[in-house]
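*Asks:* give the three-dimensional model of this entry:
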Amino acid sequence: MPAPLEHDAYGAPARSVAIHHVRAALRGAERHGLDIAPLLEQAAVPPELLEVPLARVSPQQFARLTKAVWEALDDELQGLGPQPLKVGTFAMMCHAVVHCSPDLRTAINRSSTFYGLFPGGPRFQLEEADGELAQAAGESGQAADASRLVFDLTGFDDPDHYLAESATVVAHRFAGWLIRRRIPLTRVEFSHPAPPHALEYDLLYGAPCAFRAPRTALVFDRALLELPVLQDESGLHAFLRRAPGDVLARLDYGSTAAAQVRRLLGQSLPDRMPDPQDIAARLAMSAQTLRRRLAAEGTSFQRIRDQLRRDVAIAALAEGTVSIEDLAHRLGFSEPSAFHRAFKRWTGSAPRSYQPGA
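*Replies:* Purely as a prediction, here's the structure:
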């Protein structure tokens, strides 16, 4: 029996992680003179993939790598901050926030105060709508009652913008976890220029992203700050036990046609791969309407299907749960050779290079 697919919180198969993020996660360890080979081995990431621009890893591999770097450096900033932030700092912040925060506003402000106690910690501040924010919101077509969570990462040696991405992602995921609901982002702003991997940002945030902005910030509905913190001690223990996987998880938010198509395709595996007509019927629309909606989102049924197959294949190969022949059949290929060709086109490498011990 094939192993079950790893799904995100919205029912879609978990997305793979670009090799750029793997290299960025290792940069601090390399600066500190660590041998990265053992770190890659702990994460079951073949070192040769670092040199393949199209390579990707599974979310499980990336979470293991992050944890390995944390532990090797005893630094949750992974060697990229002005001073180390000892492993366990994030967990203590969670304890400080969960047990004494009646609402999300209080939780964010207390977490900001907590990190302010550490010279090398990330700095962030909640800004609620005032005249300046309302004017900026109106100019960009946003509601005037938006709020910004603004990050100050000056002093961080972060040429890959990895900490800027990590800090905003962790803050967003943690805030949503506290209130047990997704926090829709109106906009995400970055002070750095658009990076070569900017297309990955849509997977990270599910919102429009602006670059070369005055500040790095998450923009969202102010009303969400009134929502109560619903997590408790037992939920926190489970959350921390799964960290950093749940914190770093890249989520499909389900509201776009592309996300719905990916979810439905993933739910159909390993039985069969539906065609566009099948998926359109399940979404109560015509195949032509589905094509138009996907095109408006800058994608297509074929592209989504290929990305899904790629991500499922990477995870299965990395975990060693299925043979290449069985995986090819599971993903709807007529023969293994067709899968080999497709996989090399997607990742720049043969499937065997992703298997443990290859």
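*Asks:* now Val98: how far from Val229?
*Replies:* To Val229, Val98 is 7 Å away according to Cβ to Cβ, to the nearest Å. The way it works is simple: take the backbone N, C-alpha and C, and place the C-beta from them, glycine included.
*Asks:* what touches both of those two?
*Replies:* Jointly contacting Val98 and Val229 under the rule Cβ atoms under 8 Å, 6 or more residues apart in numbering are Ala107, Leu178.
*Asks:* which secondary element of this structure has the worst mean pLDDT?
*Replies:* Every helix and strand in the chain was compared by mean pLDDT, DSSP states H and E; the lowest is helix 131-139, with a mean of 47.
*Asks:* quick one: mean pLDDT for the helix or strand just after it?
*Replies:* The element immediately downstream of helix 131-139 (helix or strand, assigned by DSSP states H and E) is strand 146-152. Per-residue pLDDT over strand 146-152 has a mean of 94.
*Asks:* same for strand 146-152, what does it pack against?
*Replies:* Other elements packing on strand 146-152 under the criterion 3 or more Cβ pairs under 8 Å, 6 or more residues apart in numbering; DSSP states H and E are strand 123-127, helix 131-139, helix 162-179, strand 216-221.
*Asks:* off-centre distance for the longest one?
*Replies:* Right, the one you point to is helix 162-179. Mean C-alpha position of helix 162-179 versus that of the full chain (Cα atoms, centre = their mean, to the nearest Å) differs by 10 Å.
*Asks:* between the helices and strands packed on strand 146-152, which gets nearest to Val52?
*Replies:* helix 162-179 (19.1 Å; Cβ to Cβ).
*Asks:* in PDB, could you pull the C-alpha coordinates for that closest one?
*Replies:* Extracted C-alpha coordinates of helix 162-179, given in PDB (Å, rounded to 0.1, in the frame of the first residue of the first chain):
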ATOM      1  CA  TYR A 162      15.600  34.600   4.400                       C
ATOM      2  CA  LEU A 163      14.900  36.100   7.800                       C
ATOM      3  CA  ALA A 164      12.500  38.700   6.400                       C
ATOM      4  CA  GLU A 165      10.500  35.800   4.800                       C
ATOM      5  CA  SER A 166      10.800  33.600   7.900                       C
ATOM      6  CA  ALA A 167       9.800  36.400  10.400                       C
ATOM      7  CA  THR A 168       6.700  37.400   8.400                       C
ATOM      8  CA  VAL A 169       5.700  33.800   7.800                       C
ATOM      9  CA  VAL A 170       6.200  32.700  11.400                       C
ATOM     10  CA  ALA A 171       4.300  35.700  12.700                       C
ATOM     11  CA  HIS A 172       1.400  35.100  10.300                       C
ATOM     12  CA  ARG A 173       1.200  31.400  11.100                       C
ATOM     13  CA  PHE A 174       1.500  31.900  14.800                       C
ATOM     14  CA  ALA A 175      -1.200  34.600  14.900                       C
ATOM     15  CA  GLY A 176      -3.600  32.400  13.000                       C
ATOM     16  CA  TRP A 177      -2.800  29.400  15.300                       C
ATOM     17  CA  LEU A 178      -3.600  31.500  18.400                       C
ATOM     18  CA  ILE A 179      -7.200  32.400  17.200                       C
END
